[in-house]
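# Everything below, folded, please.
(one chain, ligands or ions: 2)
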Amino acid sequence: MDKCYPISVRLCGKKCLVIGGGRVAERKIISLLECSARVTVVSPELTERLENLVAAGHLVYRQGEYDTDDLQGVFLVIGATNSDQVNQKVAKDCFERNILVNVVDDPLSGNFFVPAQVRRGSLSIAVSTDGKSPMFARRIREELEGLYPPEYSELVELVGELRSKVINEIADEQQKAQILKQMADGDLMQLLREGQYDRAKELVKDAYYRSRG
Ligand SMILES: C[C@@]1(CC(=O)O)C2=NC(=C\c3[nH]c(c(CCC(=O)O)c3CC(=O)O)Cc3[nH]c(c(CC(=O)O)c3CCC(=O)O)/C=C3\N/C(=C\2)[C@@H](CCC(=O)O)[C@]3(C)CC(=O)O)/[C@H]1CCC(=O)O
Ligand SMILES: NC(=O)c1ccc[n+]([C@@H]2O[C@H](COP(=O)([O-])OP(=O)(O)OC[C@H]3O[C@@H](n4cnc5c(N)ncnc54)[C@H](O)[C@@H]3O)[C@@H](O)[C@H]2O)c1
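Numbering: from 1, shown residues only. Ligands and ions are numbered 1, 2, ... in the order given. Below you'll find the model as predicted:
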């Protein structure tokens with residue numbers, strides 16, 4: 001198979017459609033909602049958690065079986081029914097309309113996979129085996145969770161904030177590049193490996209304030 005092209009897609013406000021309302025659909029819907037997508041689910045029935053999300057107004061529900069008309073104005077689709085035939089039809093309809101589609105029971109019939117991921121605020125680490133072994137992806141994700149604990153979230157925010165300042169405040173291109181490099185240099189990674197998060201933050205701030213005199 002050809003290599004997949006990894007991207008991070010912004011789904012804020014985008015209309016996403018999930019076909020099927022079972023366990024797998026639930027997992028995918030929750031991660032779409034976390035990315036502020038506008039999600040519609042089409043299924044004869046829903047899990048209890050999905051019912052609660054509908055009742056709370058976080059999710060639009062069309063009760064019934066998949067129909068091609070459901071694809072109108074949709075940016076991304078997940079085919080998550082337990083019927084291979086229905087999932088295949090969803091994939092075919094999406095291909096004809098150039099819509100992004102993920103098929104949960106037959107990876108190669110869609111045009112994207114959903115990777116296992118570690119989220120630390122704006123830092124995301126995605127693991128995919130191109131559908132070859134979801135369990136292997138899960139195991140690697142679990143290992144990465146230990147290597148990149150929640151403290152990384154604050155650090156990434158801090159680096160992002162100071163990076164914007166450097167870009168706005170410093171005109172000299174060479175000096176700019178040098179400070180940005182210092183803000184993420186070898187010592188920083190060593191401190192992080194040792195779990196010294198406060199000292200790591202100080203190092204980043206120092207690199208910035210030294211540059212400002
Ligand atoms: C990463 C994660 C994200 C998510 O789903 O949101 C995800 N699967 C996860 C878990 C998981 N899935 C399965 C098991 C049971 C053990 C096993 O079978 O290995 C476990 C383990 C568990 O549950 O812990 C069963 C399974 N999965 C797929 C099939 C169909 C097939 O392979 O044909 C079957 C067999 C169904 C059956 O017939 O029973 C297919 C896909 N699953 C994918 C993603 C995509 C490929 C990702 C990649 O490139 O590696 C892909 C292609 C579709 C897609 O893009 O969604 C999530 C990690 C959660 C985490 O991080 O903990
Ligand atoms: N991608 C993954 O990570 C992964 C993991 C486990 C299983 N799977 C596969 O995913 C599929 C779904 O698994 P599940 O545990 O969520 O199944 P499930 O039986 O819990 O849910 C299936 C849902 O699809 C709905 N549905 C059936 N026909 C429909 C139609 N015509 N239109 C709309 N909705 C319809 C059902 O009402 C139900 O809500 C299975 O085929 C399973 O083999 C994938």
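
# domains for the chain, by residue range?
The record's domain parsing of the chain by the TED database lists 15-114, 115-148, 151-210.

# Any idea which of the ones you listed has the lowest pLDDT on average?
Ranked by mean pLDDT, these bottom out at domain 151-210, which scores a mean of 88.

# Any idea how far apart the tips of it sit?
For domain 151-210, the separation between the terminal residues is 24 Å (C-alpha to C-alpha, to the nearest Å).

# From the chain's centroid, how far away is it?
Its chain's C-alpha centre and that of domain 151-210 lie 24 Å apart, by C-alpha atoms, centre = their mean, to the nearest Å.

# Now do the helices in the protein.
Using DSSP state H, the helices of the chain run over residues 23-34, 48-55, 84-96, 134-147, 152-169, 173-182, 186-193, 197-211.

# any idea which of the domains of the chain is most buried?
Each of the domains of the chain was scored by mean neighbour count; the highest is domain 15-114, a mean of 17, by mean count of other C-beta atoms under 10 Å. C-beta: built from backbone N, CA, C; applies to glycine.

# re earlier: right, so of the domains of the chain, which gets closest to ligand 2?
Shortest separation from ligand 2 across those is recorded for domain 15-114, at 1.9 Å, computed as C-beta to the nearest ligand atom.

# Show me how far the closest one is from its chain's centre.
Domain 15-114 sits 16 Å away from the centroid of its parent chain (C-alpha atoms, centre = their mean).

# any residue of it up close to ligand 1?
Yes: using C-beta under 6 Å from any ligand atom, domain 15-114 reaches ligand 1 at 27, 28, 102, 104, 105, 106, 107, 113, 114.

# picking that back up, now distance to ligand 2 too, for the helices of the chain, in a markdown table please.
Written out in a markdown table, the entries for the helices of the chain read as follows (distance: least, C-beta to the nearest ligand atom, whole Å):
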| stretch | distance to ligand 2 |
| --- | --- |
| helix 23-34 | 3 |
| helix 48-55 | 9 |
| helix 84-96 | 4 |
| helix 134-147 | 5 |
| helix 152-169 | 26 |
| helix 173-182 | 38 |
| helix 186-193 | 31 |
| helix 197-211 | 33 |
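
# As TSV, those with distance to residue 10 would be great.
Putting the helices of the chain into TSV (distance: least, C-beta to C-beta, whole Å) gives the following:
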stretch	distance to residue 10
helix 23-34	12
helix 48-55	22
helix 84-96	20
helix 134-147	22
helix 152-169	16
helix 173-182	24
helix 186-193	27
helix 197-211	26
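
# of all those, which lies closest to residue 77?
Of all the helices of the chain, it is helix 84-96 that lies closest to residue 77, at 5.3 Å by C-beta to C-beta.

# Output the contacting helices and strands for that closest one.
Helix 84-96 is packed against strand 15-19, strand 76-79, strand 100-103, with contacts defined by 3 or more C-beta pairs under 8 Å, 6 or more residues apart in numbering; DSSP states H and E.

# a markdown table for these, including distance to residue 47?
Written out in a markdown table, the entries for the helices and strands packed on helix 84-96 read as follows (distance: least, C-beta to C-beta, whole Å):
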| stretch | distance to residue 47 |
| --- | --- |
| strand 15-19 | 12 |
| strand 76-79 | 15 |
| strand 100-103 | 19 |
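
# a markdown table for those, including distance to ligand 2?
A markdown table is the format used below for the helices and strands packed on helix 84-96 (distance: least, C-beta to the nearest ligand atom, whole Å):
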| stretch | distance to ligand 2 |
| --- | --- |
| strand 15-19 | 5 |
| strand 76-79 | 9 |
| strand 100-103 | 8 |
